[in-house]
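1. Provide a 3D model corresponding to the input given below.
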Amino acid sequence: MTEPLTQSPAQPAAEHEAAPPAPRRAPAALHRFRHRLRSLPPWSPLAAGIVAGGLLGAGYGMLATPQYTATGYVVAVPTDQSDPATALGFAQAYGRVATQLAVLGDAQMWADVPVARLAKSVRTQTSPDAPMVSVTATSDDPEEAADMANAVARALTAHAAASVDDTHVELRQFARATEPAEPSSASSAVTGLVGASAGGLLGGLALLVRPRRDPAEGGRTTAAVPGPASAAGVRGQL
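-> Model (predicted):
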């Protein structure tokens, strides 16, 4: 008997060979970028710092909320039982307690703002020569700035009146705080100049720490130094 012919199973189709990876261009691009950086003039960090700082400063000035400042004044007046020197001393003391909680707690009712806001926005200043206290408030609303300054001055005057029998010095309002017409914060031009100055300073520092390259270093070749001649060779040449 003849054995039936059997066919071997068909071999699976050969898998497609994997495509060769694309050549990496990152090192070449990085090399070109470094070459361009090296080809820039030496003063390029200084110029870049000035331009970047000026743009950042001007942008901050344009985006920042403008602030308004209002200032009121109170003056310490001695009674018949006191003298100007005593009034001057109490003016210094009242200037220190004007931003304390006891005064700001009464001022918040007239200013219609929280005590924390008053403590953050109100500052006082005294003079060593005149018995006067200046009360300054800052806010993004000019009307609110004037209201806060007047409220603190009013509360301080009320506290001084409550103890006038003991101190023999009373506080009187010298000038009310008025609503400012222009913001007290720096304009975009000023912030741009400040930013350009800071950027120029950083660029100058980067220029100082930048490694210096000798322009003749690339084409310089090392001259070959001849070795010492032997004594026998010197006699042969003589």
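2. Quick check: end-to-end length of stretch 115-134?
-> Taking C-alpha to C-alpha, to the nearest Å, the span from the opening residue of stretch 115-134 to its closing residue is 19 Å.
3. Any idea how many residues pack against the nearest residue in space to H159 that is not next to it in sequence?
-> Computed as C-beta to C-beta, 6 or more residues apart in numbering, the closest residue to H159 that is not its neighbour in sequence is V103, at 5.9 Å. Every C-beta, even on glycine, is put in place using the N, C-alpha and C of the backbone. When counting by other C-beta atoms under 10 Å, one arrives at 25 neighbours for V103.
4. Likewise for T126?
-> Applying other C-beta under 10 Å, we find 19 other residues in the vicinity of T126.
5. For the residue nearest to it when sequence neighbours are not counted, give its distance to A76.
-> Excluding the flanking residues, the one nearest T126 by C-beta to C-beta, 6+ apart is G95, at 3.7 Å. Computed with C-beta to C-beta, to the nearest Å, the distance linking G95 and A76 is 10 Å.
6. shared neighbours of these two, which are they?
-> For the pair G95 and A76, residues contacting each of them under the criterion C-beta atoms under 8 Å, 6 or more residues apart in numbering are V133.
7. low-confidence ranges in this protein?
-> Low-confidence segments of the chain, defined by pLDDT under 70, are located at 1-40, 185-186, 207, 210-238.
8. Tell me which stretches of it form helices.
-> Applying DSSP state H to the chain gives helices spanning 26-39, 44-63, 84-97, 101-111, 115-121, 142-162, 164-167, 188-209, 231-237.
9. can you redo these as CSV with distance to V135?
-> Compiled in CSV, those are given as follows (distance: least, C-beta to C-beta, whole Å):
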stretch, distance to V135
helix 26-39, 56
helix 44-63, 28
helix 84-97, 9
helix 101-111, 10
helix 115-121, 11
helix 142-162, 5
helix 164-167, 19
helix 188-209, 26
helix 231-237, 101
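10. Pick the most deeply packed of those helices.
-> Greatest average neighbour count among the helices of the chain goes to helix 142-162 (a mean of 22), per mean count of other C-beta atoms under 10 Å.
11. Which neighbouring elements make contact with that one?
-> Here helix 142-162 touches strand 68-78, helix 84-97, helix 101-111, helix 115-121, strand 122-126, strand 132-139, strand 169-175, going by 3 or more C-beta pairs under 8 Å, 6 or more residues apart in numbering; DSSP states H and E.
12. Export those to a markdown table and append columns for distance to A196.
-> Output for the helices and strands packed on helix 142-162, formatted as a markdown table (distance: least, C-beta to C-beta, whole Å):
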| stretch | distance to A196 |
| --- | --- |
| strand 68-78 | 26 |
| helix 84-97 | 38 |
| helix 101-111 | 39 |
| helix 115-121 | 30 |
| strand 122-126 | 30 |
| strand 132-139 | 26 |
| strand 169-175 | 39 |
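13. Quick check: which of those is nearest to L202?
-> Closest to L202 of the helices and strands packed on helix 142-162 is strand 132-139 (C-beta to C-beta; 30.2 Å).
14. Between strand 68-78 and that closest one, find me the angle.
-> Angle, strand 132-139 to strand 68-78, by axes from the mean of the first three to the mean of the last three C-alpha atoms, to 10 degrees: 160 degrees.
15. residues touching the closest residue to L101 other than its chain neighbours, list them.
-> Closest residue to L101 in three dimensions, ignoring its sequence neighbours and counting by C-beta to C-beta, 6+ apart: V115, at 6.7 Å. For V115, the contact set (C-beta under 8 Å, 6+ apart) comprises L101, L104, G105, Q108.
16. Alright, calling it a day.
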